[in-house]
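Novice: Need a 3D model of the sequence below.
(chains A and B, ligands or ions: 2)
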Amino acid sequence: MNKQLLLGAEAIAQAALDAGISGVYAYPGTPSTEITQFIQQSLQARDSGVRSKWSANEKTAYEAALGMSYAGKRALVCMKHVGLNVAADAFMNSAITGVHGGLVVVVADDPSMHSSQNEQDSRVYGKFAMIPVLEPSNQQETYDIVRYAFDLSEDIKLPVLLRIPTRLSHSRAVVAGAEAIPQNQLAPTQEKNRWILLPVNARKGYHSLLEKQAQLIILSEFSKFNKVIPGTGDKAVIAFGIAYNYVMEVIRTYNLNIPVLKLSQYPLPEKKMSEFTEKYREILVAEEGYPVYEELLKGFFGDTKFRGRLDSTLPRTGELSPNILAKALGVKTNDEQAVPSIVAPRPPMLCKGCSHRDLFDALVGAMESYPQRHVFGDIGCYTLGALSPYNAISTCVDMGASVTMAKGAADAGLFPAVAVIGDSTFTHSGITGLLDAVNDKSAVTVIISDNGTTAMTGGQDSSGSGKYYDICKGIGVDESHIREIVPLKRNFEENVRVMKEEFEYDGVSVIISRRECVQRIKSKE
Amino acid sequence: MNKNIIISGVGGQGILTIASIIDLAAMNLGLNVKQAEVHGMSQRGGAVESHLRLSSDEIFSDLIPEGKADLILSIEPMESLRYLPFLSPGGVIITATEPYVNIANYPEEEKLLGTIAGSANHVFVNADLLAKEAGSAKSYNVVMLGAAAPYLDIATEELEKAIGMFFNRKGEEMVNLNIKAFRLGLANSLNE
Ligand SMILES: Cc1ncc(C[n+]2csc(CCOP(=O)(O)OP(=O)(O)O)c2C)c(N)n1
Ligand code: SF4
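Specialist: Ligands and ions are numbered 1, 2, ... in the order given. Have a look, this model is predicted:
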C-alpha cells in the first residue's frame, strides 16, 4: 500500500479512515488536535462522508461517538489527557454499557506539560474503566494498532483506549497503510437493556465487564504488540509504549545486549510478565508518564528488583529521553556542552495586534481603582495575560473555572469578582457556571474575550461564534448588563468605563469583548 | 547513512518548511525519516525546535540524544545556542545572523555571534539579505536549507528536486525563486 510521511496523530487519523469510521468527534487540545484536523482535510473522508466537525467539548464528543456506535457504526473520539476528565462520566459508563460499532478513544498525554496544566497518565483511566489500553511505540505501529483496535472493540464489545504522548503525536515517520474497508451499515443495537443503566441492568453490565477481564488478559498474552527482544545477563528492561524507542536507541548506540520486554497492550499479560521477570535479578521499568505499572510490580512492600521512577533510577516526573535511559542503564555518555549563559529564555507571548492585549490593557486600567485586584482567568491564548506586562489574571485551573470560581469568590464577599474567559472555553464549560450565577444573583462580571476562534490550539472554528449575546440573554442575564466592546487602543477610555460600570452592578453582568484573532485573519487571506 | 539535525527558530518563523523539504529528498532516496515537531503553546513567539533524523537503518528514538546532533540549523542566532547540549563534538552550527528580538533581555549581537563562534564549527548566513536577492524575503528558510546542503550527505540535485516538489502547487515562478534562494545559501557556505 501507499507510504506517507505522517505525524503519529495523522497515522491515527489515516488508520481510522481505513478502518471504516463513519465519524470522528473531538474538541481541540494539544497534542491531539491534528488527528481530527487530518480527517477534516482528507479527500478520502470527504468522499466517504465521514463527519468531522468540532464538538463543543469532550463530553459531547464522547457521547456522540457512543451514539454512533449504538447505531452500529465505527466512531473515533479524540482529546487531550485533561479532556478525558471532562468526558469521564460518559467514558466510565460506556465501559458498563459496552459498545456496538467499534469505538476507539484516543487520549493524547502531555508528559513534561509542554502545553498543559498537568501530566496525568491516561492509562490510569484505562485501568479504572477496566477496558483494553493500547500504547504504540512508533508511527507505523500506531497505524497498525488503530486498525486492530477497531476490530478488538467490536469483538469484545468494549471501547478501546489508545494512549499516545506528545512526542509520538507530533513526530513524523514513514507509514505504510493497509487496504481500506467500507463503513458499517446502519444497524442499531438490539440489546436494549444493556444500554439502560438502571441499577438492575448496570449490575449485570458491571458483572459482564468483570467477566471479560480474563479474556482481555489472554488477548494481551498473545498480542503481537507485546514481545520479548532477547539478550543476555541478569538485568532486563520492561519498556512500555514510546519508552521502548529510547531503550532500543541506547541498546543500539552502545552495543548493549540487554533483554527487553516491550509492552503496548494492557491489561498486563500475566504469564508473559512472570516468565520474563523471574529470569532476571534486576529489572528497569521504563514508562512514559506515571509509574503506573512499576507501582503494581513493586507491590505494597516495595520489591527492590524493580527499578524506575519510584526509586530515582529514572526521574519521577517529565518525559523520558535517550540520555535519561542511558544513565539508568549505566552507560557513560559524553559530557555535553552546556547552554551558554548568554541565551535568554523566550517564553510564548501574545501576538502583536492580538485583541486580548487591548482587553487586558483596559482591564488593568479598570482594576486600578480597587484595592482587591483578583481576576479569575481561564485557558487559552489569553492565559498569557498572566505574564508581564499585564499580570492581569490570578488563576488558570480548568476550562470554565473562571466563571464559577469568580462566583464562589463573590459568594465569599470578594469585590469586584471578575472572570475572563475565551469564546471557545465559554461554550466548552462556561455556560452552566453562568447559569448558576444567574440563579444565585451573584455579583460577578464575566468578560468573554471573543476572537472568533479557538486560537490556542491553532485557530479552529469556535462552536458559539455569533451566538454569545443570545446565549447570555437566554440563560437570564439582564440585557442591560450584557455589554459589547471592541478591544482597540482608541477605545481604551470607553472600555475602562464600561468595565467599571459593570463591576459596580450588584448582579450578573457580561461584557463581550469582540475582535478577531489576527492569526485567524492571516490564515484566511 | 546517519544524520541528526536540530532545526531551531522562533514560533511563527516556519522552521518546518526546511524539515519538510529535507524529508521529501530523504524519502525519494529511500531513507528512513523521523521528525519531531513542536505544536501548541510555544508556537506563540516562543523558542521552537525540530529534531530531524535520517538514516539508512531503523530509527528508534524520535528525539536526538544529547551530544549526537551532526548539525544545528538555526534561522535565528540566539536559538542556535539553546540546543548546544545536543551538538556532537565535531558538529556544526549553521545559523542566520539576523536576530529576532521579541524579548527585553535579548543579548548584544556582537557578543552573541562571538559565543557561537567560540562554541563550535559554524557557518554564518545573512539569510535576510540573500532571500531578498533571490526575490522574496519569504525564501529565508530555503536560503538556510541551501547553506546546510553541503552538510546533509544528500546530493544537491536531490534537494533541488525536493524543492521543486514542495513548491510545485504554488507555480513555476515560486519554484524558480526558491531554487535561486537555495543556490545563494549554498554558495554562501561553499565560499566560507
Ligand atoms: C479540557 C480541556 N480541553 C482542551 C484543552 C485545550 N485548550 C486549551 S485552551 C483551548 C482553546 C481556547 O480557546 P478560546 O477560549 O477561544 O481562547 P483563545 O485561545 O482563542 O484565546 C483549548 C482547546 C484544555 N486545556 N482542557
Ligand atoms: S493566536 Fe490569536 S488569540 Fe492567540 S495570541 Fe495570537 S492573535 Fe492572540
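Novice: For the lengthiest helix in chain B, which residues meet the burial criterion?
Specialist: Longest helix in chain B by number of residues, with DSSP state H as the criterion: helix B:172-190. Of all the residues in helix B:172-190, those buried under the rule 16 or more other Cβ atoms under 10 Å in any protein chain shown are B:174-175, B:177-186, B:188-189. Using the backbone N, CA and C atoms, a C-beta is placed for each residue, glycine as well.
Novice: now swap in stretch A:343-356 and tell me
Specialist: A:343, A:346, A:348-351, A:354-356.
Novice: do the same with stretch A:364-379
Specialist: For stretch A:364-379, burial by neighbour count (16+ other Cβ under 10 Å) applies to A:364-367, A:374-379.
Novice: now stretch A:449-467
Specialist: For stretch A:449-467, the neighbour count (16+ other Cβ under 10 Å) marks A:449-460, A:462-464 as buried.
Novice: Tell me the spacing between the residue nearest to B:M165 when sequence neighbours are not counted and B:L159.
Specialist: Nearest non-adjacent residue to B:M165, counting by Cβ to Cβ, 6 or more residues apart in numbering or on different chains: B:L24, 5.5 Å away. According to Cβ to Cβ, to the nearest Å, B:L24 stands 9 Å off from B:L159.
Novice: Looking only at neighbour counts, state which of those two leads.
Specialist: Legend: neighbour count by other Cβ atoms under 10 Å in any protein chain shown for B:L24 and B:L159, higher for B:L159 (25 against 20).
Novice: List the contacts of that one.
Specialist: B:L159 sits next to B:21-22, B:25, B:145, B:149, B:152, B:182 when contact means Cβ atoms under 8 Å, 6 or more residues apart in numbering or on different chains.
Novice: Buried only: go through those residues for me.
Specialist: Buried members of those, counted by 16+ other Cβ under 10 Å: B:21-22, B:25, B:145, B:149, B:152, B:182.
Novice: Show me which residues of chain B are close to ligand 2?
Specialist: Counting by Cβ under 6 Å from any ligand atom, the positions of chain B adjacent to ligand 2 are B:R44.
Novice: looking at it, A:P487 is touching A:N495, isn't it?
Specialist: Yes - with contact defined as Cβ atoms under 8 Å, A:P487 reaches A:N495; the gap is 6.7 Å.
Novice: Common neighbours of these two, please.
Specialist: Here A:P487 and A:N495 have A:358-359, A:362, A:513 as joint contacts, going by Cβ under 8 Å, 6+ apart.
Novice: May I ask which of those has the most neighbours?
Specialist: Using other Cβ under 10 Å as the neighbour test, the shared contacts of A:P487 and A:N495 are led by A:L359, with 29 neighbours.
Novice: So that residue is in contact with A:D450, correct?
Specialist: No - using Cβ under 8 Å, A:L359 is not in contact with A:D450; the gap is 10.0 Å.
Novice: list the residues that contact both of these two?
Specialist: What both A:L359 and A:D450 touch, as defined by Cβ under 8 Å, 6+ apart, is the set A:S513.
Novice: Wasn't B:G9 part of a strand?
Specialist: Yes - assessed with DSSP: H, G, I helix; E, B strand; the rest coil, B:G9 lies in a strand.
Novice: for it, what are its contacts?
Specialist: The contact partners of B:G9, taken as Cβ under 8 Å, 6+ apart, are B:15, B:48-49, B:74-76, B:79, B:100.
Novice: so where is chain A shaky, pLDDT-wise?
Specialist: By pLDDT under 70, the low-scoring segments of chain A are A:1.
Novice: Could I get the contacting residues of A:Y370?
Specialist: Contact analysis of A:Y370 by Cβ under 8 Å, 6+ apart lists A:415-416, A:503.
Novice: most neighbours, which of those?
Specialist: Neighbour max across these (other Cβ under 10 Å) = A:P416, 23 neighbours.
Novice: Could you list which residues are in contact with the residue nearest to A:I96 when sequence neighbours are not counted?
Specialist: Using Cβ to Cβ, 6+ apart and skipping the chain neighbours, the partner closest in space to A:I96 is A:G205 (4.1 Å). Going by Cβ under 8 Å, 6+ apart, A:G205 touches A:96-98, A:194, A:197.
Novice: Could you report the distance from A:G205 to A:L158?
Specialist: Using Cβ to Cβ, A:G205 is found at 11 Å from A:L158.
Novice: Would you check the distance separating the strand or helix carrying B:K132 from the middle of the chain?
Specialist: Following DSSP states H and E, the helix or strand that holds B:K132 is helix B:127-134. Computed by Cα atoms, centre = their mean, to the nearest Å, the chain-centroid distance of helix B:127-134 equals 15 Å.
Novice: tell me the average confidence for the helix or strand following that helix?
Specialist: The helix or strand immediately downstream of helix B:127-134 is helix B:140-148, counting by DSSP H and E. What helix B:140-148 shows for mean pLDDT is 97.
Novice: Compute the inter-axis angle for helix B:140-148 and helix B:172-190.
Specialist: 40 degrees (axes from the mean of the first three to the mean of the last three Cα atoms, to 10 degrees).
Novice: which residues sit against helix B:140-148?
Specialist: The contact list for helix B:140-148 (Cβ under 8 Å, 6+ apart) reads B:5, B:13-15, B:17-18, B:21-22, B:71, B:73, B:75, B:94, B:96, B:123, B:125, B:127-128, B:130-131, B:134, B:159, B:163, B:178, B:181-189.
Novice: Give me the spatial nearest neighbour of A:G365, chain neighbours excluded.
Specialist: Spatial nearest neighbour of A:G365, excluding adjacent residues (Cβ to Cβ, 6+ apart): A:V496 at 4.4 Å.
Novice: Kindly report the same for A:H356.
Specialist: Nearest residue to A:H356 in three dimensions, chain neighbours excluded: A:Y382, at 4.4 Å (Cβ to Cβ, 6+ apart).
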